[in-house]
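*Asks:* what's the 3D shape of this:
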Amino acid sequence: MIPVLVADDHGFIRAGVEAVLRGTRFSVIAATASGEETLDAIKTHDPAIVLLDINMPGMNGVQALESLRERGDKRPVVLLTAEINDRQLLSVMRAGVEGIVSKDGAEDGLVDVLERVHSGQKAIEPTFLQRAIDLSLRPDAQGPLAKLNPRERKIAGLVARGLRNRDIGAELGIGEGTVKVYLHTMYQKLGIDNRTELALLAVNEQDS
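*Replies:* Below is the predicted model of the structure:
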């Protein structure tokens, strides 16, 4: 039997995966509900494949995959997801995910995906693959503030914290007028009109 670890914070999803794998050569040897728990369980149970939900409380699936790769662990990881945003998709592709499967209809293709990644192949649904390619070709693929230079990104972060122009200038050692010039340039680069929109972009980038 090929040991599989299933990480998902919904018990019925974990039970569903076990039901799908019953009678196959894959066996669920451990089930976890968070990224932190998953990393610990991988050390304990040493599964051949990790089936990972992307959205879990605490450390999510993206962060768990990145942590796994950072510690040099190259075992196959398959993401099981109901939805994945653009930043998450690019992150997992860069981290070397072997498979991505939609939860909707996973029961029909999951075993085939596990077979493929176990044999060393990639098993990423064409829609995800094409989307990742399109995103990587976009100039703003690194996030909403990617068009800004480091100083401008710093200013955006201070705006998001609610600092006024005078306070931002004091923080960076520049004049209030210079801050206004920076902000005007940043608005043009980002296609926005005011500091509220800038603050929202900065907050969204921190949260994504």
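*Asks:* check which helix or strand residue 101 maps to.
*Replies:* Secondary structure assignment for residue 101, by DSSP states H and E: strand 99-102.
*Asks:* distance between that strand and the chain's centre?
*Replies:* Its chain's C-alpha centre and that of strand 99-102 lie 13 Å apart, by CA atoms, centre = their mean, to the nearest Å.
*Asks:* who does it pair with, and is each partner parallel or antiparallel?
*Replies:* strand 77-81 (parallel), strand 123-124 (parallel) (DSSP bridges).
*Asks:* A helix includes residue 3, no?
*Replies:* No - read with DSSP: H, G, I helix; E, B strand; the rest coil, residue 3 is strand and lies in no helix.
*Asks:* tell me if I'm right that it and residue 42 touch.
*Replies:* No - Residue 3 lies out of contact with residue 42 (CB atoms under 8 Å); the separation is 10.8 Å. C-betas here are computed from N, CA, C, even on glycine.
*Asks:* those two - which one has more neighbours?
*Replies:* Neighbour tally, residue 3 and residue 42, criterion other CB atoms under 10 Å: the higher count belongs to residue 42, 22 against 14.
*Asks:* so the more buried one lies in a helix, does it not?
*Replies:* Yes - in this structure, residue 42 lies within a helix as judged by three-state DSSP.
*Asks:* okay, it: pLDDT?
*Replies:* On pLDDT, residue 42 comes in at 97.
*Asks:* what do you get for residue 18?
*Replies:* The model's pLDDT for residue 18 equals 94.
*Asks:* what does the one 5 residues further on give?
*Replies:* Here the pLDDT value assigned to residue 23 is 93.
*Asks:* most tightly packed of the strands paired with strand 99-102?
*Replies:* Of all the strands paired with strand 99-102, strand 77-81 has the most neighbours on average by mean count of other CB atoms under 10 Å, namely a mean of 24.
*Asks:* what sits against residue 99?
*Replies:* Residues counted as contacts of residue 99 (CB atoms under 8 Å, 6 or more residues apart in numbering) are 76-79, 113-114, 116-117, 122-124.
*Asks:* for the protein, name the helix or strand with the lowest mean pLDDT.
*Replies:* Least confident helix or strand, the chain: helix 195-207 with a mean of 78, by mean pLDDT, DSSP states H and E.
*Asks:* one step back: how about JSON lines for the strands paired with strand 99-102, with distance to residue 38 and mean pLDDT added?
*Replies:* Formatted as JSON lines, those follow (distance: least, CB to CB, whole Å; pLDDT from 0 to 100):
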{"stretch": "strand 77-81", "distance to residue 38": "10", "mean pLDDT": "92"}
{"stretch": "strand 123-124", "distance to residue 38": "20", "mean pLDDT": "92"}
